[in-house]
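Novice: Have a look at this prediction, sequence included:
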Amino acid sequence: MHIAIAGNIGSGKTTLTGLLAKQYKWSAHYEDVDTNPYLQSFYEDMRRWSFNLQIYFLNSRFRQVVDIRKKGKSVIQDRTIYEDAFIFAPNLHDMGLMTTRDFENYSSLFELMASFIQPPDLLIYLKASVPTLVNQIQKRGREYESSIRIDYLKSLNDRYEEWINTYKAGRLLIIDVDNLNFSDNPEDLGYVIEKINAEINGLF
């Protein structure tokens, strides 16, 4: 089984991935942030590094999905290949931070890759307001994230809503995380697990 968690920067994807992997004894696949050679440069100069960063993520996530299917184990994945293509790359293009030439090149590559992969069996979307995202980002204190702009987070949020409203590739579970604290509150985590169990049972 392939479960994927989608959501904006700071929505709690990585935390929930770890908690669910432990709960269900699933293998966890995390987003490559700590060893990503472009992330710091991107936040310092988005226009210069946007294409490089998106290509790096595209490659990394495509390899992840291929690996997930090859191993045939139950896996929980932190962020999907679709978010890069439908949210982050077009957002950078619209903000004038990625050239049309680069965006078209990127989109063509994604379309080719997408034709070789299957969507997750269940997509969990962590819905969060911008204040929640900002609070979470500040709390975890990653230096390179300190320069993320509010308007950037807001435009990403708008795109997430748009994408989720039209998502038809597989089962979808939306969890509003504004009033949840699943990392510190066992009751909140229990609520999320209950929701997921209901969806998983429907997969068989």
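Specialist: In hand now; what should we look at?
Novice: List the buried residues of the helix or strand containing Y56.
Specialist: Assessed by DSSP states H and E, Y56 sits inside helix 46-71. Going by neighbour count (16 or more other C-beta atoms under 10 Å), the buried part of helix 46-71 is 46, 49-51, 53-58, 61-62, 64-65, 68. In short, each C-beta sits where N, CA and C put it, glycine included.
Novice: right, and the helix or strand after it?
Specialist: Downstream of helix 46-71, the first helix or strand assigned by DSSP H and E is strand 75-78.
Novice: which strands and helices sit next to the next helix or strand after that next one?
Specialist: Remark: after strand 75-78, the chain's next helix or strand is helix 81-83, criterion DSSP H and E. The contact analysis (3 or more C-beta pairs under 8 Å, 6 or more residues apart in numbering; DSSP states H and E) places helix 81-83 against helix 46-71, helix 100-114, helix 150-165.
Novice: which residues make contact with helix 81-83 from outside it?
Specialist: 6, 58, 61-62, 64-65, 110, 113-114, 117, 119, 160, 163, 169 (C-beta atoms under 8 Å, 6 or more residues apart in numbering).
Novice: likewise stretch 24-31?
Specialist: 1, 3, 13-14, 17-18, 20-21, 64, 67-68, 71, 73-79.
Novice: and P119, what are its phi and psi?
Specialist: In terms of degrees, to the nearest 10, the main-chain angles of P119 are phi -70, psi 160.
Novice: Contacts only, for it.
Specialist: Applying C-beta under 8 Å, 6+ apart, we find P119 in contact with Y82, A169, G170.
Novice: Identify whichever of the helices and strands packed on helix 81-83 lies nearest to P131.
Specialist: helix 150-165 (9.5 Å; C-beta to C-beta).
Novice: pLDDT weak spots in the protein?
Specialist: In the predicted model of the chain, residues 147, 203-204 satisfy pLDDT under 70.
Novice: re the thing from before, quick one: list the elements packing against the helix holding Y56.
Specialist: strand 27-29, helix 39-44, strand 75-78, helix 81-83, helix 89-94, helix 100-114.
Novice: closest to I196 out of those?
Specialist: Closest to I196 of the helices and strands packed on helix 46-71 is strand 75-78 (C-beta to C-beta; 9.8 Å).
Novice: one step back: got a ChimeraX select line for the buried ones in the contacts of P119?
Specialist: A single ChimeraX command selects the buried members of the contacts of P119 (16+ other C-beta under 10 Å):
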select :82
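Novice: any chance of the contacts of P119 in TSV, with distance to K127 too?
Specialist: Shown next, in TSV, are these (distance: C-beta to C-beta, whole Å):
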residue	distance to K127
Y82	16
A169	18
G170	18
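Novice: follow-up on the earlier one: can you flag the buried ones in the contacts of stretch 24-31?
Specialist: Judged by 16+ other C-beta under 10 Å, buried ones among the contacts of stretch 24-31: 1, 3, 13-14, 17, 20-21, 64, 68, 74-79.
Novice: mind listing what T15 touches?
Specialist: Listed by C-beta under 8 Å, 6+ apart, the contact set of T15 reads F182, S183.
Novice: now swap in L16 and tell me
Specialist: Under the criterion of C-beta under 8 Å, 6+ apart, the contact list for L16 reads I5, I124, L126, F182, V192.
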